[in-house]
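[1] structure for the following, please:
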Amino acid sequence: MTGVRVLAGTRKGAFVLTSDGGRDRWEVSGPHFAGWEVYHVKGSPADPDRLYASQCSGWSGQVIQRSDDGGRTWAPAGNQFVYDGTPGTHQWYDGTPHPWEFARVWHLEPSLDDPDTVWAGVEDAGLFRSRDGGQSWQELPALRGHKSGPSWQPGAGGMCLHTILLDPSAPGRMFAAISAAGAFRSDDAGQSWRPVNRGLQSEGIPDPDAEVGHCVHRLAMHPSRPGVLFMQKHWDVMRSDDSGESWREVSGNLPTDFGFPIDVHAHEPDTVYVVPITSDAQHFPPEGKLRVYRSRTGGDDWEPLTNGLPQEHCYVNVLRDAMAVDSLEECGIYFGTTGGQVYASADSGDTWAPIVRDLPAVLSVEVQTLP
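    Purely as a prediction, here's the structure:
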């Protein structure tokens, strides 16, 4: 029977949650790498048994873990990240130079068709690729070396390359998002990049319409319509209908347009999900009510989804990588909170239930639909 595997990275380890197609009973495996921050866990679209995890510790640094049996066992992959040799600098907010450094891997993006190829987005805003299942990593220096690079500045969480999207219709096309620089697009598999931020407006930077400097929180696309992109920005929910060439705001009737995650229904390219939080100073749901908002029109018109979610005294956050969807016939939506809950909806968001509680703060949620 078709099943689902939910991969949760947390402040103190990784957890693997599995269920059959009914998605009403869940088995919990973990914590894997107990006590370590696991920023991201993601499976290969080309091999459901191949998983990659980003494990990080202030004492021991960065480790990439790999599983070849769906998360039952893990082994460290290669952790030699080879730089291009260019030191590079960015600017702090006061204009002083900030030397480039490797702090952690924020995001792992396996290839759509090769389980041994995987990209890594790191802090400070570097992009790496492995072609041997994570045994060795080589920087693709064109992104960090972009002419605008010295003007990039770190967001509150650091200068993280946190989103990598691969266009299934154009093998060389990929998108990356950096906080706080903006969105970038490559049409040659990462050999060259250009900013794609026209239409974004951001307060707090000298030129709010600048080519770079925007704090993008997350990008999302539907694989059947990769030319349409959705963005959750520091403020504003945005949409592009031309592969990032231009953007327009679709925040519509949201109670607040600040948030972190954004995702798209597996079978309905115009059905989009966000989780608004009060503000950049108050990282909790408006009025203490945890609500996912759904638009069935590709933005502008949003409805709150509350059935099964706490509607009083709830002050958790949902981070940028902590929402995902499955591809079952009735699409499932999943998200994790900083309070340690992972919620699931097996009916496209109409009703919700926690599939696990009391985990460490959830940093990422990814989902695999299993044969």
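[2] can you give me the strands in the stretch 51-200 of the chain?
    61-67, 75-76, 81-82, 89-91, 97-99, 104-110, 118-123, 126-130, 137-139, 160-166, 174-179, 182-186, 194-195 (DSSP state E, counting those that start in this stretch).
[3] any idea which of the ones you listed gets closest to G35?
    Taking C-beta to C-beta as the criterion, strand 61-67 is the member of those that comes nearest to G35, at 12.7 Å. Just so you know, the C-beta spots here come from the backbone N, C-alpha and C atoms, and that holds for glycine as well.
[4] which of the strands of the stretch 51-200 of the chain sits closest to L319?
    strand 160-166 (9.7 Å).
[5] pretty sure D132 contacts P115?
    No - using C-beta atoms under 8 Å, D132 makes no contact with P115, being 10.9 Å away.
[6] about what we covered before: I'd like the strands of the stretch 51-200 of the chain as TSV, with mean neighbour count, mean pLDDT and distance to V264 appended.
    Shown next, in TSV, are those (neighbours: other C-beta atoms under 10 Å; pLDDT from 0 to 100; distance: least, C-beta to C-beta, whole Å):
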stretch	mean neighbour count	mean pLDDT	distance to V264
strand 61-67	19	92	27
strand 75-76	10	90	33
strand 81-82	14	71	31
strand 89-91	17	73	31
strand 97-99	12	78	35
strand 104-110	24	96	16
strand 118-123	24	96	20
strand 126-130	23	95	23
strand 137-139	20	92	29
strand 160-166	23	97	11
strand 174-179	26	96	14
strand 182-186	23	98	16
strand 194-195	18	97	23
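[7] save the ones you listed as TSV, and put in distance to K12 too.
    Output for these, formatted as TSV (distance: least, C-beta to C-beta, whole Å):
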stretch	distance to K12
strand 61-67	15
strand 75-76	18
strand 81-82	24
strand 89-91	30
strand 97-99	29
strand 104-110	15
strand 118-123	20
strand 126-130	25
strand 137-139	25
strand 160-166	20
strand 174-179	24
strand 182-186	32
strand 194-195	36
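[8] tell me which of those strands lies nearest to S44.
    strand 104-110 (4.1 Å).
[9] the closest one packs against which elements?
    For strand 104-110, the elements it packs on are strand 37-44, strand 47-57, strand 61-67, strand 118-123, strand 160-166, judged by 3 or more C-beta pairs under 8 Å, 6 or more residues apart in numbering; DSSP states H and E.
[10] for Y343, find the nearest of these.
    strand 37-44 (17.6 Å).
[11] and that closest one, which residues are buried?
    37-44 (16 or more other C-beta atoms under 10 Å).
[12] what does stretch 21-40 give?
    In stretch 21-40, counting by 16+ other C-beta under 10 Å, buried: 21, 23, 26, 30-33, 36-40.
[13] nearest to G213, of those residues?
    Y39 (24.1 Å).
[14] report the central residue of the chain.
    D321 (3.4 Å; C-alpha atoms, centre = their mean).
[15] who's in contact with the nearest residue to that residue once chain neighbours are set aside?
    Leaving aside its sequence neighbours, D321 sits nearest to S364 (C-beta to C-beta, 6 or more residues apart in numbering; 3.9 Å). S364 makes contact with 7-9, 38-41, 319, 321-322, 336 under the criterion C-beta atoms under 8 Å, 6 or more residues apart in numbering.
[16] okay, and the beta partners of S364?
    Beta-bridge partners for S364, by DSSP bridges, are G9, D321.
[17] and A77, how many neighbours?
    Applying the criterion other C-beta atoms under 10 Å, we find 20 residues in the vicinity of A77.
[18] tell me the confidence at the nearest residue to it once chain neighbours are set aside?
    Ranked by C-beta to C-beta, 6+ apart and with sequence neighbours excluded, the top spatial neighbour of A77 is G134, at 3.1 Å. On the pLDDT scale, G134 is placed at 94.
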